[in-house]
Structures are given as structure tokens and as C-alpha cells.
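[1] kindly return the folded structure for what I paste below:
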Amino acid sequence: MLDFSQLFLQLGGEMGEFDPANPMMYVYIISLATIPFFMLYGQRMQGKVILGEISKSMLKLKTMKDNARLDTIDYVKQVVPQQDPTPRIDKFLEYFTIMPVDMDPAGLVRKVEHVMRTRDNRMRAEVRKVCPGIDDYEASKIENMLEAATALNMIYKVVRHFYLMGKRTTSVFVLVQLQMVMPLLLEEADALKKAIATFRQGQPIGDGIGPMVVGKMMLGKEKKRAAQETVYAESDYKGRKVYLLKAEGPAGTVGRPGEAMQRLAGDLGVRLDAVIMIDAALKLEGERTGDVAEGIGAAIGGIGVEKYQIEEVATRLGVPVYAVIVKQSVLDAITIMRKEIADSFDKVTETVHAVIEDKTEEGQSVLVIGVGNTMGVAQ
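    Next comes the predicted model:
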């Protein structure tokens, strides 16, 4: 306990005799008196402030999540007005996927591939049940909208979980961590919300720059199926045989480029001397949207199955893999394609041609893969 009599004596000794008319004396007394208060209740007050800020952010997330759900339901009702899709869509929003055990890494990629293929097939089957008789283009739009709505629902549930846990346990440390990542979560949620509107209209997104470049190279050429939802065409460029590969548009899908490359190099007996991959890449803060860069390696995102398959074939055949990327943010990648990204089209094409000329010789074969979601991008 503080002995205020000794405190006054000490203050008197340092500042002279206690003078009621001296305002600084009261300032010292009040300042020292508030120290025990903040020691006892400061953390609680900080927790209340943080809870208030997180509550506002949660309200925004809930609004985004609810609007995404309603937009998806409304669009499905427009496509198939005969039935109410609400129960099935609500059920789908809670759908989850359990990744295989990774204690023994041997064969893990094949297990992950099996799980993800099963998940994709289940999603397509559910969409067909909700909207029987629709074409592949409309089905892909609904699938992409459901993916975005499900991701928003999961973000909201995770944030709500940590918010309620921090509130129940009065743990400031839990709340502070949530507060620090909340701006990033809100930015991602806003991107998903805008992506739903883009998918609904079937417009090209920023991630589709790779398929767009390859799709233009395919114009006027015979397209053949290389894998599910994946097509290729043959072309020539300055004495080189060029194989062009992309997801089959204009439906919103990323296709199976890894499986397609395995089939081209295997069953179809295509000899490959180089592989060039075109994809969107996450830009760093300070970098400009639409900048084009060239590098080495398999430029493809996702959970890793397709990347593994491409690297496996390239390693087995001793084929170099070159990458051409277009820099953009998460928001740019999943929303309608910005002008800066579209303007990079010619530069990407020139870069691909330059790589073909520099890294290969006449008579050799090159595989050019346009990686990304081909929503609204034909060939």
C-alpha cells in the first residue's frame, strides 16, 4: 500500500512546503494516484478498446459474407427459377475438405491430388443438382461464386472464433493478434466480395492474363484436348515447334496443366526442349501493377499438385522451365482485369518470343503454358 503521508513529506522535501495554491502539487498527486488504477484496470480498458475495434470489423465481414450468400442465391434463382436453391447453397457454404496425413511424405502428392479431384467433382455434382440442365459456362460461374462465398464464410467464422475466445478469456494477447491481422483479412474479404460480381458477369479477371496471351496465339489453329478442361494447339515460330496449352475457356476454370504436360510428353510422344509458363504473380508493396518479369521455375499457384507434376516431367526429361509473370495484388488477381494488366499483353507476348529465340534453336520444340483462371477468355 502507498503511504500518502510519506509521499506528501517527500513532495514537500523536493518542492518545499506543501502549498495548496501550487497547482503542480495536485498534478503530482493525481499522477501518482492513477498509477495503481492503470496497473489494476489498464489491461481491461485496453481489451475493451480492442474488442470495440474488432466488433466493427466483424460487422463488415458479416455484411460481406451475407451479401455474397444472397448474391449467389439470387443468381442461381435467375438461372433456374423453378426451385429454391437456398438450403443446398447454405449446406455447401459449410462444406470442408480434410487434407491427407503428412507424417509419411511418400506419395503425399498423389493423396492430395485424389482429395482435391474428389472435392472438385463433388462441387460440380452439387452445382448440377442445384441447376440441372445448365451449360458448362454457367456452371463454372456458379462454382466460382460458391468458392468465393465459402471463403468469405470461413474468414468470418475464424475471426468470430478468436473474437469470442478472447472476450471469454479476457486475454488481451489473443485480441491484439487478431487486431494486427484484421486489416489484411478485410482486404482479402473485400477482394472476394468484388470477385463474386466479376464471376457473375463472366468477365476476365487479372489471373487470366496467362490464358489470354496463349489464347490469342491459338486463334485460327486446331484445338485438341490434352486433359480435363485443358486444350492445346500446335504452332510454329521462327523454325521452332510451339505447343500452346491453356485451360478451356470461356468457362471459369484453371484446367489441369500438369496432367496435360504429362500426357503430351508421355502418351502423345511430344519431344520438349523447353517449357515457358505465363502466370500472374503477387506483387510486393511499391511495385506497379502490370509489370512483367522473367525468371526460372514453374510459375503456378494452387495447392502444389500441378506444380509437382510439371516439375516431375521437366526433371525427368531434363527440360528447363522458364517463367514470365505479370505482377498484381490479390484484389487485382480475382477481380475484373484492370487496364494496367491488359496493357501488359503485348509485352508478355514479346517476352515469350524473346525467350523462345534466346533459349532454343531452330528445329526444337517449346511448350508454352498459359496458367490461370480462364473466365471469359476463349481460344
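[2] point out where the protein drops to low pLDDT.
    For the chain, the stretches with pLDDT under 70 are 1-45.
[3] how about the strands in the stretch 201-350 of the chain?
    Secondary structure of the stretch 201-350 of the chain (DSSP state E, counting those that start in this stretch): strands at 224-227, 230-237, 240-247, 274-282, 292-296, 321-328.
[4] to Ser365, which of those strands lies closest?
    For Ser365, the closest of those is strand 240-247, at 4.3 Å, according to Cβ to Cβ. Where C-beta positions appear, they are placed from N, C-alpha and C, glycine not excepted.
[5] which parts of the chain belong to which domain?
    In the domain annotation for the chain, the residue ranges read 49-201, 206-370 (automatic domain parsing).
[6] need the winner for burial among those domains.
    domain 206-370 (a mean of 19; mean count of other Cβ atoms under 10 Å).
[7] ok so, going back, would you turn the domains of the chain into a markdown table with distance to Ala378?
    Compiled in a markdown table, the domains of the chain are given as follows (distance: least, Cβ to Cβ, whole Å):
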| stretch | distance to Ala378 |
| --- | --- |
| domain 49-201 | 10 |
| domain 206-370 | 5 |
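[8] that's a helix at Leu152, yeah?
    Yes. Leu152: assigned to a helix according to DSSP: H, G, I helix; E, B strand; the rest coil.
[9] these two touch, right, it and Ala189?
    Yes. Judged on Cβ atoms under 8 Å, Leu152 makes contact with Ala189 at a distance of 5.9 Å.
[10] touching both of those two, which residues are there?
    By Cβ atoms under 8 Å, 6 or more residues apart in numbering, Leu152 and Ala189 have these common neighbours: Leu61, Met64, Lys65.
[11] I'd like the distance between Leu264 and Glu138.
    Here the criterion is Cβ to Cβ, to the nearest Å. By it, Leu264 lies 30 Å from Glu138.
[12] what of Ala281?
    From Ala281 to Glu138 the distance is 30 Å (Cβ to Cβ).
[13] where exactly do the helices run in the stretch 201-350 of the chain?
    Assignment of helices within the stretch 201-350 of the chain using DSSP state H, counting those that start in this stretch yields the ranges 209-218, 257-265, 305-317, 330-334, 339-343, 345-359.
[14] now do the second one: distance to the chain's middle.
    Taking Cα atoms, centre = their mean, to the nearest Å, the mean C-alpha location of helix 257-265 is offset from the chain mean by 25 Å.
[15] quick one: list the elements packing against it.
    Helices and strands in packing contact with helix 257-265 are listed as strand 224-227, strand 230-237, strand 240-247, helix 305-317, strand 365-370; criterion 3 or more Cβ pairs under 8 Å, 6 or more residues apart in numbering; DSSP states H and E.
[16] which residues sit against that helix?
    With contact meaning Cβ under 8 Å, 6+ apart, helix 257-265 is reached by 226-228, 230, 232, 243, 245-247, 270, 272, 275, 300, 305-310, 312-313, 317, 367, 369, 371.
[17] same check, this time on stretch 141-154
    Applying Cβ under 8 Å, 6+ apart, the external contacts of stretch 141-154 come out as 61, 64-65, 68-69, 71-72, 75-76, 79, 89, 92-95, 123-124, 127, 130-131, 134, 189, 192-193, 195-196, 199-200, 202, 252, 334, 373, 375.
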